[in-house]
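Trainee: This is the structure alone, sequence omitted:
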């Protein structure tokens with residue numbers, strides 16, 4: 001029987017300014033997220049980098065197996081390669097197990113493929129050197145179907161050409177940040193159509209569906225399509241087969 005919890009990255013990525021909470025209240029929300037993950041066998045928590053050290057200690061004190069993920073270059077992806085590397089190094093030093101990078105999709109759309117390739121190679125190499133998981137968010141809501149296919153395919157090709165085959169399972173392509181602003185009510189996260197395109201072009205790389213997976217049946221459908229991880233701000237609702245009203 002499928003265990004949905006094994007696929008979930010339970011996510012809280014709002015800044016105190018975005019949520020209207022204080023710094024301490026934000027840390028407490030992260031602690032609650034980590035406790036919920038630990039108590040329910042959820043694979044990972046996904047939090048902002050400034051809270052990784054605190055939550056790493058919190059989970060270590062619980063002797064927990066829950067992985068800690070964080071985001072790099074979030075959420076626009078326009079940070080320089082050097083800035084992303086510096087942020088990633090600190091996250092690794094602070095105890096992050098998985099790093100979700102926002103690829104510079106703006107430069108991809110501008111045709112600056114060399115920059116996008118460089119950041120992918122440099123940041124992925126850093127993660128693999130430290131036995132960390134690297135996930136690359138391509139922000140499918142900002143891309144056409146052809147661009148989703150092309151960018152996913154490029155990431156797959158770069159990975160297969162530059163890294164050992166044994167490391168490819170540690171390099172994900174991820175759909176969305178959940179923070180991209182769309183117009184006319186269009187979805188800003190994972191869609192079944194978008195995920196299918198990613199899966200068709202990801203080659204040997206695993207795919208993560210993030211944003212928009214809001215009930216148990218949709219999670220099961222995504223997993224049956226072939227995704228290896230689901231990012232959600234409503235992990236417990238998915239496990240309890242409740243529909244979620246959360247945006248992510």
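Mentor: That came through, no problem. What you see is a predicted model, and the numbers here were worked out from it, not measured in a lab.
Trainee: hey, let's count contacts and neighbours off CA atoms from now on
Mentor: Will do.
Trainee: got any ranges where the chain has weak pLDDT?
Mentor: 242-248 (pLDDT under 70).
Trainee: the strands in it, which residues?
Mentor: Using DSSP state E, the strands of the chain run over 8-12, 44-47, 67-72, 98-102, 133-137, 171-174, 207-210, 229-232.
Trainee: Pairing partners for residue 11 in the sheet, please.
Mentor: residue 46 (DSSP bridges).
Trainee: what's around it, how many residues?
Mentor: Residues near residue 11, counting by other CA atoms under 10 Å, number 25.
Trainee: and if you look at residue 21?
Mentor: Other residues close to residue 21 by other CA under 10 Å number 14.
Trainee: same thing with residue 122?
Mentor: Around residue 122 there are 14 residues (other CA under 10 Å).
Trainee: With residue 160 as the reference, measure out to it.
Mentor: Distance of residue 122 to residue 160, computed by CA to CA, to the nearest Å: 15 Å.
Trainee: Kindly report the same for residue 80.
Mentor: 24 Å.
Trainee: got it, and residue 54?
Mentor: 35 Å.
Trainee: on that earlier part again, out of the strands of the chain, which is the most enclosed?
Mentor: strand 207-210 (a mean of 28; mean count of other CA atoms under 10 Å).
Trainee: all helices in this structure, in order from the N-terminus.
Mentor: 16-19, 23-40, 52-61, 81-94, 105-109, 113-129, 145-162, 192-201, 216-225, 235-239 (DSSP state H).
Trainee: Buried ones in the third one, by neighbour count?
Mentor: By 16 or more other CA atoms under 10 Å, the buried positions in helix 52-61 come out as 52-53, 55-56, 58-59.
Trainee: who's in contact with it?
Mentor: 27, 30-31, 34, 65-66, 68, 70, 91, 94-96 (CA atoms under 8 Å, 6 or more residues apart in numbering).
Trainee: Show me which of the residues you listed is closest to residue 173.
Mentor: residue 70 (15.0 Å; CA to CA).
Trainee: so what's that closest one up against?
Mentor: With CA under 8 Å, 6+ apart, residue 70 has these contacts: 46-49, 52, 91, 96, 98-100.
Trainee: ok, which pair from these is furthest apart?
Mentor: Among the contacts of residue 70, 52 and 100 lie farthest apart (CA to CA), at 13.2 Å.
Trainee: Of all residues in the protein, which one is nearest the centre?
Mentor: Computing the C-alpha centroid of the chain and ranking residues by CA atoms, centre = their mean puts residue 100 first, at 4.6 Å.
Trainee: Run a quick check on it versus residue 69, I expect a contact.
Mentor: Yes. Counting by CA atoms under 8 Å, residue 100 does reach residue 69; the two are 7.2 Å apart.
Trainee: got the buried residues of helix 52-61 as CSV, with distance to residue 154 columns?
Mentor: Below are the buried residues of helix 52-61 laid out as CSV (distance: CA to CA, whole Å):
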residue, distance to residue 154
52, 30
53, 33
55, 34
56, 34
58, 38
59, 36
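Trainee: ok, these vs residue 4, which is closest?
Mentor: For the buried residues of helix 52-61, the nearest to residue 4 is residue 59 (21.1 Å; CA to CA).
Trainee: distance of the closest one from residue 53?
Mentor: In terms of CA to CA, residue 59 sits 10 Å off from residue 53.
Trainee: hey, what's residue 100 bridged with?
Mentor: The partner residues for residue 100, given DSSP bridges, come to residue 71, residue 135.
Trainee: Identify the residues contacting it.
Mentor: Here residue 100 is in contact with 69-72, 134-137 (criterion: CA under 8 Å, 6+ apart).
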